[in-house]
Every structure is written in structure tokens, then in C-alpha cells.
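**Student:** take a look and give me a structure for this.
(2 chains, ligands or ions: 2)
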2 protein chains.
Amino acid sequence: MKVLIIGGAGMVGRNLAEALVASGRLGDRAVSEVTLFDVVPAATQGTDAVAVRVMTGDISDRATVDALVADRPEVIFHLAAIVSGEAEADFDKGYRINLDGTRHLFEAIRAEAGYHPRVVYTSSIAVFGAPFPEAIGDEFITAPMTSYGAQKMIGELLLNDYSRRGILDGVGIRLPTIVVRPGKPNKAASGFFSGIIREPLAGLEAVLPVDDDVRHWVASPASATGFLIHAATMDTGPLGARRCLTMPGLSVTVGEMIAALGEVAGEDKVALIKRQPDATIRGIVAGWPRNFDAARATGAGFVADASFQDIIRAHIRDMETAG
Amino acid sequence: MKVLIIGGAGMVGRNLAEALVASGRLGDRAVSEVTLFDVVPAATQGTDAVAVRVMTGDISDRATVDALVADRPEVIFHLAAIVSGEAEADFDKGYRINLDGTRHLFEAIRAEAGYHPRVVYTSSIAVFGAPFPEAIGDEFITAPMTSYGAQKMIGELLLNDYSRRGILDGVGIRLPTIVVRPGKPNKAASGFFSGIIREPLAGLEAVLPVDDDVRHWVASPASATGFLIHAATMDTGPLGARRCLTMPGLSVTVGEMIAALGEVAGEDKVALIKRQPDATIRGIVAGWPRNFDAARATGAGFVADASFQDIIRAHIRDMETAG
Ligand SMILES: NC(=O)c1ccc[n+]([C@@H]2O[C@H](COP(=O)([O-])OP(=O)(O)OC[C@H]3O[C@@H](n4cnc5c(N)ncnc54)[C@H](O)[C@@H]3O)[C@@H](O)[C@H]2O)c1
Ligand SMILES: NC(=O)c1ccc[n+]([C@@H]2O[C@H](COP(=O)([O-])OP(=O)(O)OC[C@H]3O[C@@H](n4cnc5c(N)ncnc54)[C@H](O)[C@@H]3O)[C@@H](O)[C@H]2O)c1
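**Tutor:** Ligands and ions are numbered 1, 2, ... in the order given. Purely as a prediction, here's the structure:
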């Protein structure tokens, strides 16, 4: 089967591509070709069994998306997005890529007669807005407080409607914040959740801009790959008209993350974390969801990480493999 | 002040226009000009005090909307829409007018530097999807089951985001089904709710396609006008980031509507209602909301009709005035 990953050069897309190429399978079917589409060229290499096609372009151009879809991949992972901070800073760019780009994809699929692919769409817990209950359940109202959250929610509504109409077979997965995000620190306000683990493990100092009792909802990169593969292969019948699910995760405080780091890697690593309270980041993070009851997703077979210690250990293994 | 009504030739728009022209006021401010924009020319006449400008065009054309907004009306009522049945039958038309048209309006406003109008947007209870609780509260999840509902909900998300960004000062009102809708029967699946009152009062037979115990959420045309005027003049501060409210209404069964007709107009009118069960309409109506707890709107000063008898009496008065 042919698989298309839009946003295939990004963090989540790269991990997924590598998993598909390594296993050569998606569920019980063999994968013959993986197309990695992104504005920047993806680096994932193919094998004899799995061809990798690397393509560059912009999903906000409809003709580009038409050409991509004309190849009729059986499964499309739509991961391309302008993330939270940038969508807030650049109003036009956020709507152009996150809304128009998503709509172009769904419309391009609609234009292909007799084509009905599985489409996995990565939404976000940013579709929810404060005030929050102790744990956010599947029936909690979606009231985004950022442009990114609004754009992701509009994508969910479109995914549901295009699925209900039989145009595509959609599954939307609201990802927790992915921790430990590999690579260099990025500008996301959530960056420190990864930074306080990743930098010390690499022997570098990390800045912690919030208090230790800040609680957040996280999942590992490996869990994200697992969610995507399950979303691509699951039976969508039981989802009915509501195709979008909050993914399971771990609800952990910064203090618990730091304690886990000490346990797994030693107190000398913990000593590399510098507390530098930042009122702006504190304010942003205060409005974020802290805990969920992801019963629908768990019931549908999505599986979360077992512990934050495991997340750290997996990151250490990944770094050893990579380097 | 200048007021723009987009969809000003429609049922709700016409009533609003007539109320504004008759009173010459919107809240405590004098109205000097009302622009009625629609694909068909509006018939409302101006007075010496209130000029009426009638313009025709299509909101799915961005340049047309830019030109409309360049006049910088202080208040814009956005009522233009393709309604439920048509948006379901014509996928492209529904998205083009209900989504793109709404976005064109908000973008045209954004393009006018230093302009920050009050925008009243008519949403619908179609943003909700079954299964429903006994009464749908303000925190109930929005999960539309039709393309029209999805389009209205996307408009709500945009209205919230553009308001939060300070581009416009939006209020979204989720209208109940408006009963008694004047004029000829239309093709809406909800048409019979008005038909079983309007046709008998005019001495004509009416068809009832559902059972007497079907319950629905309704408001009169006069209430709709009242909601719109209140939304245009209220203090939006207390709404915070959630600019869209379910309007108060009456939860009545078909049986109660018919009993009220008998009480107000006599049993000979009731005898004109012919029961012709229709499985399709029954099925559609079974998925509709039946009852709400519109506490936020009531708290914000929106007022519902007192009784269904009053709704019928008001319709009789309107018909006498009209003809
Ligand atoms: N990482 C997280 O914590 C997290 C949490 C919730 C949701 N998500 C969502 O998951 C998806 C993947 O996240 P990620 O962490 O891999 O993000 P990422 O930024 O690493 O990857 C996104 C990729 O999309 C590409 N892209 C951006 N605009 C594009 C365009 N116009 N055309 C084609 N490609 C374009 C980028 O180049 C990038 O490679 C995104 O949709 C994101 O919003 C991520
Ligand atoms: N009447 C109800 O029961 C009810 C219930 C919930 C919500 N609403 C909403 O309230 C609003 C008004 O409802 P109504 O009953 O007056 O509907 P209506 O159909 O009588 O009026 C809508 C008007 O919009 C105009 N229009 C359609 N497409 C247009 C376009 N592309 N450009 C410009 N004008 C266009 C139509 O010509 C029509 O005059 C609509 O947005 C509707 O969705 C109505």
C-alpha cells in the first residue's frame, strides 16, 4: 500500500516515517511506498522493500495538493501545521496553512471520484479553553483560546463532516504535548517541558520558567507514532460521527518530571536545571489543560506511556541510537 | 449611526429592518442609514429620518464584501446563509456561502485599519448533535450532525477568534427555530412547525408529518428581532472569549402547539391539520434538540416569548397589519 505523510519532515512525521520504513507494515498490510511531503525535504531513507519519495511544496497551494492526492495513497497522515506560537504571531499564515491547507487536502480528496482514503489528522488539546475541570472528559466543550486552537478545531469539524458525507474516512487525534522533543530548543512556549530533560541529559544547562507544581498532559514521541498507526488501522465504525479523540497521556507536574530525571539519570543532571521564573510563559501555561480522562480513546485501543521514567529512558535510548 | 444587514431580504432580516426603520433607533443611538444587502433586493422602505439603501450581491465574492464594509457601518448583522436542507443538498454552495462568505466578511473588516464594528452573527442550535440531555446547557459539547451545523460552528469559532484578536466585537446568537414563519411554506424539514399554525389561520389545510409528542425549541419572529437588537447593543465585556450564546426559547410539543391554536383561534382551525406521518421527516426531526437551559443568554438579558399562545396571537396581529 501507498502512504502519504504531509508534514513528513517534522518531528512527529519523521518518527512515523522511520517506523513505517523499519517495519515495512501498517497494521496487517505491507507498505510499498511512503511519500514524505513538506516545505523542507525530509531526510528519511527508503529500503529495498519500502520506497521513500521525498517531495517539497506548500499545502496552502491547492494545485500542489491536487497533484499529491492524484497518486491515491490508501492512507494520508496530515501532520503539516504552523504551531501555536507562530499561528498567534502570524494571523494570515496560521489560517492559510492550518485552515486553508487542511481544506485543500479534503477538497482534493473529494475531487478524486471513487477515492475514499483513511485520513489521520493531528489535532491538539488546544481545542479546549479554560476554565477546566479536574480532568477534561470526552464530553467537555471545545472552546479554543488561541488562533491555533480555533484552526485545529475547524479542521476537526471539517474532518467530521467530510467523513459523515463519505468523502474520506477520518480520524482526528488530539495529541498531548510531545515530550521529550528531540533536537534543538524551539520557540514554543511549551519548549521547556522537553528542555528540562533533554538539555541536562546532553550535559547542558536548561532554563525552567515556571513553578514546580505546574501540571501538564504529555506523551512520548514513540506514543505519538503508536497513536498515528492505530488511528490509521483501527475500525472507525464505533466512532460514529465524532471522529476526533483526545489521546491518552500522562498528567505530570514539573516537580515529578524533575524527580524522574533524578531517579533515571542522577542528581547531577537535575543540578543543570536553572529556575528563572518568566511571567509571560507562566501566564500562557496557566491557561493550558492539565489533566484528561481520555476514556473514548482508551476504549478505542489507544495506549499511553506507562510512566514519565519510561519516557526519559526511551529518550536516552533514542539518543544513543542516533548518535 | 449606520447599520448594515447582510441577508436583509430574508425573513429575519426583513423584520429587523422594519423594526429599525420604525423606531429610528438602535439602543440609545439614532439610526441614520440602514443598508440591506442580499442576493435579492429587499423591499423595506426608508423614512425621512432613516435612509434605506438596498444593495444586491453575493457574499461569496470577496470584492463585493470589501466594498460593503468600506462604508464602515457601526453595526453589522450577518444573517445571510444557505439553510440546513440546501446546505446538505449542495455541499459546495453551503461551504461557499456559509463558510467562505462569513470569512470574507471578517477578513474585509480586518482589512479596514482602525475599524472595530459590532458584528451580530446568527448561529443555530444545529451546532449541537445527539445524544442530548434533558435540557442542553451552555457547557454542552458542540458536535454538529449536518454540514449547515458544521458551517455555523466554524463561523462561531472565527467570530470568537476575530473578537479575541480585537478585529471586531462579535456576538453570536444561536436562534431557536423561528415560528410562526410568515409567507409561503418552504422546503425546510422544520417547515411544518410553522405550517400547522400559519396555514389553518389562513383557512388552509396543513400537513403534520410527525407525532404529537415531538418536542422542539422555538421563538417568535418578534423575539428574533429582540435578540438581534439586544446583541447589537449589549455590553460584550462579560461574555469574555465565548461570544456565542444559545438564545432562550420555548420548549413545546406539537400537541401543545395544536392545543394553543385551538385555544386562541378555535377548534375549526385545528381541524385543518392533516396527520400524514412521513418517515424521512420523522427521522430528521428525531435528531434535533428539544430543550435548552439558556442560562448564559438569560443572564445576559436576552428574553424569550412568554407562551406559545402569545406567539400565535402575535402572528395573527402581524397578518392583520400586513394585509
Ligand atoms: N509536538 C507536539 O507537542 C504536538 C502537540 C499537539 C499537536 N501537534 C500537531 O502534530 C503535528 C506534528 O507536530 P510536530 O511536532 O511534528 O510539528 P513540526 O513543526 O515538527 O512539524 C510540522 C511540519 O509541517 C511542515 N509544514 C508547515 N507548513 C507546511 C506547509 N504549508 N506545507 C507543507 N508542510 C508544512 C513543517 O515544515 C514541519 O516539518 C502538527 O499538526 C502539530 O500541530 C503536535
Ligand atoms: N429562521 C430560523 O428558524 C433560523 C434558525 C436558526 C438560525 N437561523 C439563521 O438566521 C439567519 C436568518 O434566517 P432567515 O430565516 O431569515 O433565513 P432566510 O433564508 O429567510 O434569509 C437568509 C437570506 O440570506 C440571503 N442570502 C443567501 N445567500 C446569500 C449570499 N451569498 N449573499 C447575500 N445574501 C445571501 C438569502 O437571499 C436570504 O434572503 C440565517 O443565517 C439562518 O441560518 C434561522
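**Student:** output the contacting helices and strands for the host helix or strand of residue A:207.
**Tutor:** In this assignment (DSSP states H and E), residue A:207 forms part of strand A:206-208. Judged by 3 or more CB pairs under 8 Å, 6 or more residues apart in numbering or on different chains; DSSP states H and E, strand A:206-208 is in contact with helix A:191-201, strand A:273-275. C-beta: built from backbone N, CA, C; applies to glycine.
**Student:** so, low pLDDT: which residues of the stretch 51-200 of chain A?
**Tutor:** With pLDDT under 70 as the threshold, the stretch 51-200 of chain A has no low-confidence stretch at all.
**Student:** the strands in the stretch 201-323 of chain A, which residues?
**Tutor:** A:206-208, A:215-219, A:244-246, A:250-253, A:273-275 (DSSP state E, counting those that start in this stretch).
**Student:** does the third one reach ligand 1?
**Tutor:** Spelled out, it's strand A:244-246. No: using CB under 6 Å from any ligand atom, strand A:244-246 never reaches ligand 1; the gap is at least 10.9 Å.
**Student:** need the phi and psi values for the residue positioned nearest the centre of chain A.
**Tutor:** Compute the mean C-alpha point of chain A, and by CA atoms, centre = their mean the closest residue is residue A:175, 4.9 Å away. With angles defined as degrees, to the nearest 10, residue A:175 sits at phi -70, psi 140.
**Student:** ok, which of the strands of the stretch 201-323 of chain A comes nearest residue B:36?
**Tutor:** strand A:244-246 (39.4 Å; CB to CB).
**Student:** that closest one - contacts with which helices or strands?
**Tutor:** helix A:147-164, strand A:169-175, helix A:295-299.
**Student:** pairing partners for the second one, with directions?
**Tutor:** The reference is to strand A:169-175. strand A:118-124 (parallel), strand A:244-246 (parallel) (DSSP bridges).
**Student:** buried ones in stretch A:240-247, by neighbour count?
**Tutor:** By neighbour count on 16 or more other CB atoms under 10 Å in any protein chain shown, the buried set for stretch A:240-247 is A:242-247.
**Student:** circling back: between the strands of the stretch 201-323 of chain A, which one is nearest to residue B:197?
**Tutor:** The nearest among the strands of the stretch 201-323 of chain A, by CB to CB, is strand A:244-246 at 39.9 Å.
**Student:** what mean pLDDT does that closest one get?
**Tutor:** Taken as a whole, strand A:244-246 has an average pLDDT of 98.
**Student:** what parts of chain A come near chain B?
**Tutor:** By CB under 8 Å from any CB of the partner chain, the part of chain A that sits against chain B consists of A:91, A:129, A:139-145, A:147, A:150, A:153-154, A:157-158, A:160-161, A:164-165, A:241-242.
**Student:** now render the helices and strands packed on strand A:244-246 as CSV, adding distance to residue B:229.
**Tutor:** Below are the helices and strands packed on strand A:244-246 laid out as CSV (distance: least, CB to CB, whole Å):
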stretch, distance to residue B:229
helix A:147-164, 28
strand A:169-175, 39
helix A:295-299, 41
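**Student:** buried deepest among the ones you listed, which one?
**Tutor:** Stretch with highest mean neighbour count among those: helix A:147-164 (a mean of 26; mean count of other CB atoms under 10 Å in any protein chain shown).
**Student:** if we can go back for a sec, which one of the strands of the stretch 201-323 of chain A lies nearest to ligand 2?
**Tutor:** Among the strands of the stretch 201-323 of chain A, strand A:244-246 comes nearest to ligand 2, with 24.5 Å by CB to the nearest ligand atom.
**Student:** any residue of stretch A:310-317 touching ligand 1?
**Tutor:** No: residues of stretch A:310-317 are not located near ligand 1 by CB under 6 Å from any ligand atom, the shortest gap being 12.8 Å.
**Student:** export that stretch as CSV, just CAs?
**Tutor:** Extracted C-alpha coordinates of stretch A:310-317, given in CSV (Å, rounded to 0.1, in the frame of the first residue of the first chain):
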residue,chain,number,x,y,z
ASP,A,310,9.9,5.3,30.8
ILE,A,311,9.6,8.4,28.7
ILE,A,312,13.1,9.5,29.8
ARG,A,313,14.6,6.1,29.3
ALA,A,314,13.2,5.9,25.8
HIS,A,315,14.7,9.3,25.0
ILE,A,316,18.1,8.1,26.3
ARG,A,317,17.9,5.0,24.1
